[in-house]
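> Quick check, what structure comes out for this input:
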Amino acid sequence: MSLAVNRSVWRDVRVRLINFWHWLPKGARLPETTWRARHRFLLGTVWFQIPLLVVVALGANLDPIHVGAEISLVLFLALVVSIPSSQDAKAVLVSLALVTCSALLVHFTHGLIESHFHFFVVLPLISLYRDWRPLMTGLAFVVVHHSVVGLLDPPSVFNHPAAIANPVKWAFLHGTYVLIVTAVILAYWRFSESLETALASEEKRRMRAEEEKLRADTERLEQVVRSKDKFVASVSHELRTPLSAVLGFAQILRDTEVDLSDAERKELTDTIAREAYDIAGIVEDLLVAARAEIDAVHVNQLPIDLQANVAQVVEVLPDHQKYRITVMTDQPKVRASADPVRVRQIVRNLISNAIRYGGPRVIIDFVDSGNQVSVVVSDNGGGVPPDQHDLIFLPYHSAHAAGSQPASVGLGLTVSRQLAELMEGSLTYGYRPGLSSFELRLPAAR
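The predicted model follows:
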């Protein structure tokens, strides 16, 4: 039983020692500039104390030769510091010089108790190196000075009868205070290392976050560049096709040598009007998109007749598009609070999108739900894939396979949603089997 208890106690002690060992500061090397600054300060402290020790010794009427011999040891250490190339050796020599100054001060004042406080100042100074070698050098010096010198020549270390009579006891008391100071030094040292580690980790996280942000910004800019390239190509295609038709048919009409019947002239004129209508729509979308980027798009909230505005849009469509559209007119008049020009622009985009990508039939319906009214543009096409429902409202995005239709600018739905939101409404997409629908919701006219 006793053996088991001893093993348990030993395990507990061992665990505590291991934990204490891991708690101790690591003594990581300081940055070069920081170490040099601290080293210059500590070496300057040594040189500053040399004349002070001379003054103290002469004030105590000590033999100048004896004083010179003892101070020469400090002077020697201060001079040879520049010889070693390693930082460790330099730090140890400065540490020895500092504690030697403390010992000489105690000796020159005949063991004055107050002079011992010099050790308590020097040890924290040595800890500025943040290195175990100079700190242990200073502690070892203090132990040797108070024990060996205290036993061999007590009056040179202590100045009162009790200490001289029992130097071991007083050396132990002084050693206890030195250990307390050392514990405080180690605690502060450990705290500093933990703080620096935390700051370094935070700096790494910050730099990593900045790198990720920079990478994301770079990718976003690259995407913008790619989108703009696609946009320019799409605009070029979209405008070139109708412009070519307008220019070619206009030249035919202008050419007096070409004999055209009235029906042919009407067909050419209708084609020019249709293509010009498409060009006007593209230009209007581009203008709205450009103004939206600088928050310069304005709308007027007026009471409007939704059926009448939709009818205006359908009326100007080419005949080959009109026959595909069915407008539901069997419900009462639906009135909204909106900008009539912007409403027609949205409806034109929705109809154009349905004709371009939808099924053969397009249905336009109206819904009055009290506080809101809606225009619903549906077609009987295959619809948009579920994962594209939100993406279709992004600039320059197309949910349809390349080559299925002529390339479009890709701004119609984006502009339409922006305009709907500016009019305190919304534009959404939905699909149910056999019917793909865009719904423009607007505030009802009061």
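
> element containing Val373, please.
strand 372-379 (DSSP states H and E).

> for that strand, packing partners?
For strand 372-379, the packing partners by 3 or more C-beta pairs under 8 Å, 6 or more residues apart in numbering; DSSP states H and E come out as helix 306-315, helix 340-357, strand 362-368, strand 435-443. From N, CA and C alone the C-beta is placed, and that goes for glycine too.

> can I see the domain layout of the protein?
Following automatic domain parsing, the chain resolves into domains at 13-209, 227-290, 297-443.

> and of those, who's closest to Glu219?
Among the domains of the chain, the nearest to Glu219 by C-beta to C-beta is domain 227-290 (12.2 Å).

> mind checking the SS state of Arg38?
Recorded secondary structure, Arg38: helix (DSSP: H, G, I helix; E, B strand; the rest coil).

> so what does the next helix or strand after the strand holding Val373 touch, helix or strand wise?
For strand 372-379, the following helix or strand on the C-terminal side (DSSP H and E) is helix 412-422. Contacts defined by 3+ C-beta pairs under 8 Å, 6+ apart place helix 412-422 against helix 262-293, helix 340-357, strand 426-432, strand 435-443.

> Please pick out the residue of the protein most distant from its centre.
In the chain, Asp259 marks the outermost C-alpha relative to the chain mean, sitting 71.2 Å out by C-alpha atoms, centre = their mean.

> quick one, what contacts that residue?
For Asp259, the contact set (C-beta atoms under 8 Å, 6 or more residues apart in numbering) is empty.

> any idea of the mean pLDDT for the helix or strand where Glu202 lies?
Using DSSP H and E, Glu202 maps to helix 167-254. Computed over helix 167-254, the mean pLDDT rounds to 79.

> quick one on the thing from earlier: make a markdown table from the domains of the chain and add distance to Leu221 to it.
Shown next, in a markdown table, are these (distance: least, C-beta to C-beta, whole Å):
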| stretch | distance to Leu221 |
| --- | --- |
| domain 13-209 | 18 |
| domain 227-290 | 10 |
| domain 297-443 | 15 |
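
> In terms of mean pLDDT, which of those domains ranks lowest?
The minimum mean pLDDT among those belongs to domain 227-290 (a mean of 76).

> What values do phi and psi take at the closest residue in space to Val299 that isn't next to it in sequence?
Leaving aside its sequence neighbours, Val299 sits nearest to Asp339 (C-beta to C-beta, 6 or more residues apart in numbering; 4.1 Å). Note on Asp339: backbone dihedrals following degrees, to the nearest 10 are phi -90, psi 120.

> What is the burial count for Asp339?
20 (other C-beta atoms under 10 Å).

> ditto for Arg291
Other residues close to Arg291 by other C-beta under 10 Å number 14.

> Val297 now?
Val297: 17 surrounding residues under other C-beta under 10 Å.

> Look up how far Leu77 lies from it.
In this view, Val297 and Leu77 are 80 Å apart by C-beta to C-beta, to the nearest Å.

> Check Val246 too.
Distance from Val246 to Leu77, by C-beta to C-beta: 97 Å.

> Out of the helices and strands packed on strand 372-379, flag the one nearest Ser85.
helix 340-357 (78.0 Å).

> just checking, what packs against the closest one?
Where contact means 3+ C-beta pairs under 8 Å, 6+ apart, helix 340-357 is packed against helix 262-293, strand 302-305, helix 306-315, strand 362-368, strand 372-379, helix 412-422, strand 435-443.

> Distance to Cys101 for these - can I get that in a markdown table?
Below are the helices and strands packed on helix 340-357 laid out as a markdown table (distance: least, C-beta to C-beta, whole Å):
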| stretch | distance to Cys101 |
| --- | --- |
| helix 262-293 | 72 |
| strand 302-305 | 92 |
| helix 306-315 | 96 |
| strand 362-368 | 95 |
| strand 372-379 | 88 |
| helix 412-422 | 78 |
| strand 435-443 | 87 |
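
> ok so, going back, who does the helix holding Glu202 touch, helix- and strand-wise?
Counting by 3+ C-beta pairs under 8 Å, 6+ apart, the packing neighbours recorded for helix 167-254 are helix 117-126, helix 132-144, helix 150-152, helix 161-165, helix 262-293.

> Let me have these in TSV, extended by distance to Val314.
Formatted as TSV, the helices and strands packed on helix 167-254 follow (distance: least, C-beta to C-beta, whole Å):
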stretch	distance to Val314
helix 117-126	90
helix 132-144	89
helix 150-152	111
helix 161-165	112
helix 262-293	12
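
> Can you tell me which of the ones you listed is nearest to Ala308?
Here helix 262-293 is closest among the helices and strands packed on helix 167-254 (C-beta to C-beta), at 18.9 Å.

> The closest one: which residues count as buried?
Buried positions in helix 262-293, judged by neighbour count with 16 or more other C-beta atoms under 10 Å: 268, 271-272, 274-275, 278-279, 281-282, 284-286, 288-289, 292.

> With respect to Gln321, which of these is nearest?
Using C-beta to C-beta, the buried residues of helix 262-293 come closest to Gln321 at Arg274, 8.5 Å.

> Just list the residues touching the closest one, thanks.
Contacts of Arg274 by C-beta under 8 Å, 6+ apart are Pro318.

> related to what we said a few turns ago, switch the helices and strands packed on helix 412-422 over to TSV; also include distance to Arg205.
Output for the helices and strands packed on helix 412-422, formatted as TSV (distance: least, C-beta to C-beta, whole Å):
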stretch	distance to Arg205
helix 262-293	34
helix 340-357	46
strand 426-432	40
strand 435-443	44
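
> Of these, give the one that comes closest to Ile50.
Among the helices and strands packed on helix 412-422, helix 262-293 comes nearest to Ile50, with 73.5 Å by C-beta to C-beta.

> before we move on, the earlier item: quick one: closest of the helices and strands packed on helix 340-357 to Asp330.
Among those, the nearest to Asp330 by C-beta to C-beta is strand 362-368 (9.8 Å).

> quick one: buried residues of the closest one?
Buried residues in strand 362-368, counted by 16+ other C-beta under 10 Å: Val362, Ile363, Ile364, Asp365, Phe366, Asp368.

> Next, the distance between the ends of stretch 253-270.
One end of stretch 253-270 sits 12 Å from the other (C-alpha to C-alpha, to the nearest Å).

> quick one on the thing from earlier: did I read that right, the residue farthest from the centre of the chain in a strand?
No: Asp259: not assigned to a strand; according to three-state DSSP it is coil.

> let's have the chain start at 15 instead
Shifting the count to begin at 15 puts that one at Asp273.

> Who are the contact partners of Leu160?
Actually, residue 160 is His rather than Leu. Val171, Ala185, His188, Gly189.
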